[in-house]
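Undergrad: below are the sequence and a predicted model; questions follow.
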Amino acid sequence: MHERIHRFLQSAFFVDSIAADTSFLDAGIIDSVGVLELLQFLEDEFKVRVADDELIPANLDSINSVVGFLIRKGAVS
């Protein structure tokens with residue numbers, strides 16, 4: 001999962017390298033529109049549905065937080 005998310009960030013947001021615990025928002029990697037792109041990617045790639053109340057930084061603000069969120073959602077790796 002880590003690698004697939006990293007590849008997505010590279011292609012969608014032109015990120016060369018990012019540590020797994022780097023905050024997307026603090027590092028300026030994604031903005032509010034970028035969050036929507038990330039959500040679409042997660043829903044398409046990992047076959048999960050993200051509820052409005054799950055749209056919080058604890059779930060979506062770093063590669064590690066996204067992977068943890070996907071695992072809790074039961075996503076297939």
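TA: On my side now, so go ahead. Residues are numbered from 1 along each chain as shown.
Undergrad: now what about the helix or strand harbouring residue 38, what contacts it?
TA: Taking DSSP states H and E as the criterion, the element that holds residue 38 is helix 32-46. Contacts with helix 32-46, where a contact means Cβ atoms under 8 Å, 6 or more residues apart in numbering, come from 1, 4, 8, 12-13, 24, 30, 48-50, 55, 60, 66, 70, 73, 75-76. Just so you know, the C-beta spots here come from the backbone N, C-alpha and C atoms, and that holds for glycine as well.
Undergrad: give me that answer again for 6 Å
TA: Outside helix 32-46, the residues that touch it by Cβ atoms under 6 Å, 6 or more residues apart in numbering are 8, 12, 48, 50, 70, 75.
Undergrad: stretch 7-25 now?
TA: 29-30, 37, 41, 61-64.
Undergrad: need the residues you listed in JSON lines (columns: secondary structure and distance to residue 19).
TA: Output for the contacts of stretch 7-25, formatted as JSON lines (DSSP: H, G, I helix; E, B strand; the rest coil; distance: Cβ to Cβ, whole Å):
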{"residue": "29", "secondary structure": "coil", "distance to residue 19": "11"}
{"residue": "30", "secondary structure": "coil", "distance to residue 19": "15"}
{"residue": "37", "secondary structure": "helix", "distance to residue 19": "20"}
{"residue": "41", "secondary structure": "helix", "distance to residue 19": "19"}
{"residue": "61", "secondary structure": "coil", "distance to residue 19": "13"}
{"residue": "62", "secondary structure": "coil", "distance to residue 19": "8"}
{"residue": "63", "secondary structure": "helix", "distance to residue 19": "8"}
{"residue": "64", "secondary structure": "helix", "distance to residue 19": "9"}
